[in-house]
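Undergrad: Here's a sequence, model it:
(one chain, ligands or ions: 3)
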Amino acid sequence: MRVDAKDMGADLKQVLITKEEIDAKLAELAAKIDAEYTGKDLLIVGVLKGAVMVMADLARALSTPLTMDWMAVSSYGAGTQSSGVVRILKDLDTDIKGRHVLIVEDIIDSGLTLSWLITNLGSREPASLKVCTLLRKPDAAKVAIDVEWVGFDIPNEFVVGYGLDYAEKYRNLPFVGTLAPHVYGG
Ligand SMILES: O=P(O)(O)OC[C@H]1O[C@H](OP(=O)(O)OP(=O)(O)O)[C@H](O)[C@@H]1O
Ligand code: HPA
Ligand SMILES: [Mg+2]
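TA: Residues are numbered from 1 along each chain as shown. Ligands and ions are numbered 1, 2, ... in the order given. As a prediction, the model looks like this:
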């Protein structure tokens, strides 16, 4: 395990998904997404900040011509539980009416963020609206969501790395791991 980023290793319990596993999965997902959007004008929408890494790596794995936009929403604050209240911190720059939109997320946990986002973006009348997420926690779902492309289903534990934070830290870890309980007072 490569945990050389200034002692972050001491804060981690376990590496769940390695960088190599993430790369291989994104290549696999990209092939399927390319097949779906052949000949279509694709707009991928990254959900800041967590999806930054997935967007950057997935976009480079795709061969379909595409444009990128970003939306920033937040429902977690500094804790490990979703507040359930979703706030728009930054809206899209693009009018998505009539566009083929793919939402790119790092994780579906309770599903509250994405469920809200699907309703919000769906009301803007895109030609299609689909979702790709790197991670999903099936045992944490509070709402059912139809997701076209899922990288990994993971246990119901708080994870960090590859875009995912705890109190804004650990986003730059190149893998996905679980935090040691002492970090969040568990
Ligand atoms: O399924 P849910 O329970 O709603 O959780 C998933 C969302 O929570 C996290 O974002 P967060 O709101 O913490 O903001 P961030 O992306 O800036 O970290 C994560 O990036 C997802 O967007
Ligand atoms: O497990 C998680 N880790 C980090 N951020 C999150 N946002 C929702 N679930 C998580
Ligand atoms: Mg997020």
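
Undergrad: Burial check on A127, number of neighbours?
TA: Counted with other C-beta atoms under 10 Å, the neighbours of A127 add up to 13. C-beta here means a position set from N, CA and C on the backbone, and glycine is covered the same way.

Undergrad: Let me see the contact set for W116.
TA: 73, 86 (C-beta atoms under 8 Å, 6 or more residues apart in numbering).

Undergrad: One more pass at 6 Å, please.
TA: The contact partners of W116, by C-beta atoms under 6 Å, 6 or more residues apart in numbering, come to V86.

Undergrad: Briefly note if the helix or strand in which it is found comes near ligand 3.
TA: According to DSSP states H and E, W116 maps onto helix 112-122. No - Helix 112-122 stays clear of ligand 3 (C-beta under 5 Å from the ion), getting no nearer than 6.3 Å.

Undergrad: State the mean pLDDT of that helix.
TA: Average pLDDT, helix 112-122: 95.

Undergrad: Buried ones in that helix, by neighbour count?
TA: Across helix 112-122, burial judged by 16 or more other C-beta atoms under 10 Å covers 112-118, 121.

Undergrad: Pick the one among those residues closest to ligand 1.
TA: T113 (3.1 Å; C-beta to the nearest ligand atom).

Undergrad: what about the closest residue to the closest one other than its chain neighbours, how many neighbours?
TA: Computed as C-beta to C-beta, 6 or more residues apart in numbering, the closest residue to T113 that is not its neighbour in sequence is S75, at 5.2 Å. Using other C-beta under 10 Å, S75 has 16 other residues around it.
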